[in-house]
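K.L.:
here is a sequence together with a model predicted from it:
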Amino acid sequence: MRVLAGELKGQRLTTPRGSATRPTADRVRIACLDALMPYLPDGAFLDLFAGGGGVGIEALSRGAPSAVFVEQDALALRALRDNIERLRLGERTRVVRADAARGVDELARRGARFAVAFVDPPYDSPRAEPAFAALASGTVLEAGAVVVLQHASKAPPPDAVGVLRVVRAKKFGETTLTFFHAAL
């Protein structure tokens, strides 16, 4: 897996071993980040269920000023930290080792705010709904933030969750990206 565009284009990314995480496919990552390009310079990027950090690192490569990665799996964290160190992104990143919902709560307590968030929970995970609900509460989102949820195409989210409203969805076979706008 490699960074696909921007200042880090072509750089190799370490992917987590094991079956606990699945990297976002290149064509999905390209479509997602292409759609987010206008919003990336607006503020910090949040990568929930970050895995090896491919999406957040791609966002940094394309102009996000900083990124926070929330992940709890030890193997994924090892790959994520390797990627951050090898690409010399330490000053622009923060890694939170926590369940995604607890990570959002911790970030809210610290006053963190994000212009863009990407959420890629394991499909059919019981952790997905609480994490997305925590994010949809708006406590870590800037006014007008854009949130992208990657999910199984057969399990679309509701049109509105907390402060988030669906603005569009893009399907890639069994995977769909649903884009939300934060009405704050």
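P.N.:
Yes, it's here. Residues are numbered from 1 along each chain as shown.
K.L.:
give the phi and psi angles for Ala108, as a check.
P.N.:
Main-chain torsions, Ala108, degrees, to the nearest 10: phi -60, psi -40.
K.L.:
who's in contact with it?
P.N.:
139-140 (C-beta atoms under 8 Å, 6 or more residues apart in numbering). In this view, the C-beta of every residue, glycine as well, is placed from N, C-alpha and C.
K.L.:
buried sites along stretch 69-88?
P.N.:
69-73, 75-77, 79-81, 83-84, 87 (16 or more other C-beta atoms under 10 Å).
K.L.:
quick check: the farthest pair among those?
P.N.:
Greatest spacing in the buried residues of stretch 69-88, by C-beta to C-beta: Gln72 and Leu87 (22.0 Å).
K.L.:
JSON lines for the buried residues of stretch 69-88, including distance to Gly173, pLDDT and secondary structure?
P.N.:
Output for these, formatted as JSON lines (distance: C-beta to C-beta, whole Å; pLDDT from 0 to 100; DSSP: H, G, I helix; E, B strand; the rest coil):
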{"residue": "Phe69", "distance to Gly173": "26", "pLDDT": "98", "secondary structure": "strand"}
{"residue": "Val70", "distance to Gly173": "27", "pLDDT": "98", "secondary structure": "strand"}
{"residue": "Glu71", "distance to Gly173": "25", "pLDDT": "96", "secondary structure": "strand"}
{"residue": "Gln72", "distance to Gly173": "28", "pLDDT": "94", "secondary structure": "coil"}
{"residue": "Asp73", "distance to Gly173": "25", "pLDDT": "92", "secondary structure": "coil"}
{"residue": "Leu75", "distance to Gly173": "26", "pLDDT": "93", "secondary structure": "helix"}
{"residue": "Ala76", "distance to Gly173": "24", "pLDDT": "93", "secondary structure": "helix"}
{"residue": "Leu77", "distance to Gly173": "29", "pLDDT": "95", "secondary structure": "helix"}
{"residue": "Ala79", "distance to Gly173": "25", "pLDDT": "95", "secondary structure": "helix"}
{"residue": "Leu80", "distance to Gly173": "26", "pLDDT": "96", "secondary structure": "helix"}
{"residue": "Arg81", "distance to Gly173": "31", "pLDDT": "96", "secondary structure": "helix"}
{"residue": "Asn83", "distance to Gly173": "26", "pLDDT": "96", "secondary structure": "helix"}
{"residue": "Ile84", "distance to Gly173": "30", "pLDDT": "97", "secondary structure": "helix"}
{"residue": "Leu87", "distance to Gly173": "30", "pLDDT": "97", "secondary structure": "coil"}
